[in-house]
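Enquirer: Structure of the sequence below:
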Amino acid sequence: MGAVPGEPSNWGRWGDGDQLGTTNLLTAERVAAAARLVRTGRRFPLGLPIGGPPTPGYRPAPLHLQAVTAGDSVLGDGGRDGFCASDDYVVMALQASTQLDGFGHVGAGATLYNGFWSGLVTTRSGARRLGIHHLAAGIVGRGVLLDVARHAGLDELAPGTALGAEELAATADAQGVEVGPGDALLVRTGWLGRRLVEGRPVGPGGGEPGLSDRAVPWLAGRDVVLVATDTMTCEVVPPEPGTPMLTFHARALRDLGMLLGELFDLDELAADCAADGVYEFFFAAMPMPVVGGVGSPVNPLAVK
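Expert: Numbering: from 1, shown residues only. Purely as a prediction, here's the structure:
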């Protein structure tokens, strides 16, 4: 089954064998131009602490284990010749915290991005095509924040609030910022920040605000590389009437080869943008090069 006729699609745009999707738009010239956006050197980490706020639901929380510790040596025999060391490891779902969805994560009609057969992702081998390791160069370039919650005069958009082209465009106009080719677009709904402040569960219960598939043509027309939100699912939950669940995922990942980010902690960055009126910045997010992975935890960074 091919891309949907008449709908935005990047299949074949960068060649029939392409596995990089919209990251092809991150040219050296665009990265260099984005670096010139750094004026103050203020850094804003956008990732949740792994092992910090639990994210219950269909993915278990990360498990952090200690193999050996310096404390064991100190409390025991003091270590050999006074030497002590620590070593630890993490067991986690690759999408259990702030993360990127790779192109092997969601498809439709038995196909993934660029027409690759969905059967190439298996329990034994992972993603034999479109693995997250192909994106080891990262998403590095210009970032733009659209603070939709603040534009609406709200601390948090209500669950089920769908954000289409109209809402995104209105927020960009109000902020005086343009979204263009090669941009990483961050959309703040207030959903995550309110839960962190109030100690509420960071989970899927009760629905979420998020992107509607009506936003896809707007994003495609601007050649956005990545869109990320401060929610678990990126798209609106529950979906709009008559729209199947994960339609936005399928149209973004499968049809456009556009990466999705979830659980981005945007409140500190948003407050700074509101204070100085600057909603663009240098952005970097480096997925772990897990061979055959369909997603990856990240600690995205915005630098102003």
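Enquirer: Show me the strands in the stretch 51-200 of the chain, by range?
Expert: Ranges of strands in the stretch 51-200 of the chain, per DSSP state E, counting those that start in this stretch, are 63-68, 87-91, 99-101, 121-122, 126-127, 139-147, 162-163, 184-188.
Enquirer: Tell me which of those strands sits nearest to Asp267.
Expert: Distance to Asp267, taken as C-beta to C-beta, is lowest for strand 184-188 among those, at 7.5 Å. Where you see a C-beta, it was placed from the backbone N, CA and C, and this is true even at glycine.
Enquirer: That closest one - which strands sit beside it in the sheet, and in what orientation?
Expert: Applying DSSP bridges, strand 184-188 is found paired with strand 139-147 (parallel), strand 226-229 (parallel).
Enquirer: Among these, show me which one is buried the most.
Expert: Counting by mean count of other C-beta atoms under 10 Å, strand 226-229 has the highest mean neighbour count of the strands paired with strand 184-188, with a mean of 28.
Enquirer: wouldn't Glu235 be in contact with Pro244 here?
Expert: No. Counting by C-beta atoms under 8 Å, Glu235 does not reach Pro244; the two are 11.1 Å apart.
Enquirer: which of these two has more neighbours?
Expert: Glu235 (29 against 9; other C-beta atoms under 10 Å).
Enquirer: so which helix or strand takes in the nearest residue to that one once chain neighbours are set aside?
Expert: Leaving aside its sequence neighbours, Glu235 sits nearest to Phe248 (C-beta to C-beta, 6 or more residues apart in numbering; 3.7 Å). Here Phe248, judged by DSSP states H and E, is contained in helix 247-249.
Enquirer: And the closest residue in space to Tyr89 that isn't next to it in sequence, what's its pLDDT?
Expert: What sits nearest to Tyr89 in space, not counting adjacent residues and going by C-beta to C-beta, 6+ apart, is Leu65, at 5.7 Å. Listed pLDDT for Leu65 reads 84.
Enquirer: what number of residues lie near Leu65?
Expert: Leu65 has 9 neighbouring residues, counting by other C-beta under 10 Å.
Enquirer: for the one 4 residues further on, same thing?
Expert: The criterion is other C-beta under 10 Å. On that basis, Thr69 has 14 neighbouring residues.
Enquirer: same check, this time on the one 3 residues further on
Expert: Neighbour count of Asp72, defined by other C-beta under 10 Å: 14.
Enquirer: how would you label Asn24: helix, strand or coil?
Expert: At Asn24 the chain is in helix, as set by DSSP: H, G, I helix; E, B strand; the rest coil.
Enquirer: I'd say Arg128 and Trp117 touch.
Expert: No. Using C-beta under 8 Å, Arg128 is not in contact with Trp117, being 9.6 Å away.
Enquirer: These two: which has the busier surroundings?
Expert: Per other C-beta under 10 Å, whichever of Arg128 and Trp117 has more neighbours is Arg128, with 15 against 12.
Enquirer: rewinding a little: would you reformat the strands of the stretch 51-200 of the chain as a markdown table and include distance to Leu211?
Expert: Output for these, formatted as a markdown table (distance: least, C-beta to C-beta, whole Å):
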| stretch | distance to Leu211 |
| --- | --- |
| strand 63-68 | 31 |
| strand 87-91 | 30 |
| strand 99-101 | 13 |
| strand 121-122 | 24 |
| strand 126-127 | 24 |
| strand 139-147 | 11 |
| strand 162-163 | 5 |
| strand 184-188 | 7 |
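Enquirer: Phi, psi for the nearest residue to Gly180 once chain neighbours are set aside please.
Expert: Once flanking residues are discounted, Gly180 sits nearest to Arg222: 5.8 Å by C-beta to C-beta, 6+ apart. Arg222 adopts backbone torsions of phi -100, psi 0, taken as degrees, to the nearest 10.
Enquirer: Would you state the helices of this structure in chain order?
Expert: In the chain, helices defined by DSSP state H lie at 28-35, 70-75, 148-151, 165-175, 191-198, 216-221, 247-249, 267-276, listed in chain order.
Enquirer: Deepest in the core, which of the ones you listed is it.
Expert: Sort those by mean neighbour count, taking mean count of other C-beta under 10 Å, and helix 247-249 sits at the top with a mean of 22.
Enquirer: Now do the contacts for Met286.
Expert: The neighbours of Met286, taking C-beta atoms under 8 Å, 6 or more residues apart in numbering as the test, are Ala136, Gly138, Ile139, Val298.
Enquirer: at 10 Å instead, please
Expert: Residues near Met286 by C-beta atoms under 10 Å, 6 or more residues apart in numbering: Leu100, Leu135, Ala136, Ala137, Gly138, Ile139, Val140, Ser296, Val298, Asn299, Pro300, Leu301.
Enquirer: can the strands paired with strand 184-188 go into a markdown table with extra columns for distance to Ser86 and mean pLDDT?
Expert: As requested, those are exported to a markdown table (distance: least, C-beta to C-beta, whole Å; pLDDT from 0 to 100):
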| stretch | distance to Ser86 | mean pLDDT |
| --- | --- | --- |
| strand 139-147 | 32 | 98 |
| strand 226-229 | 33 | 98 |
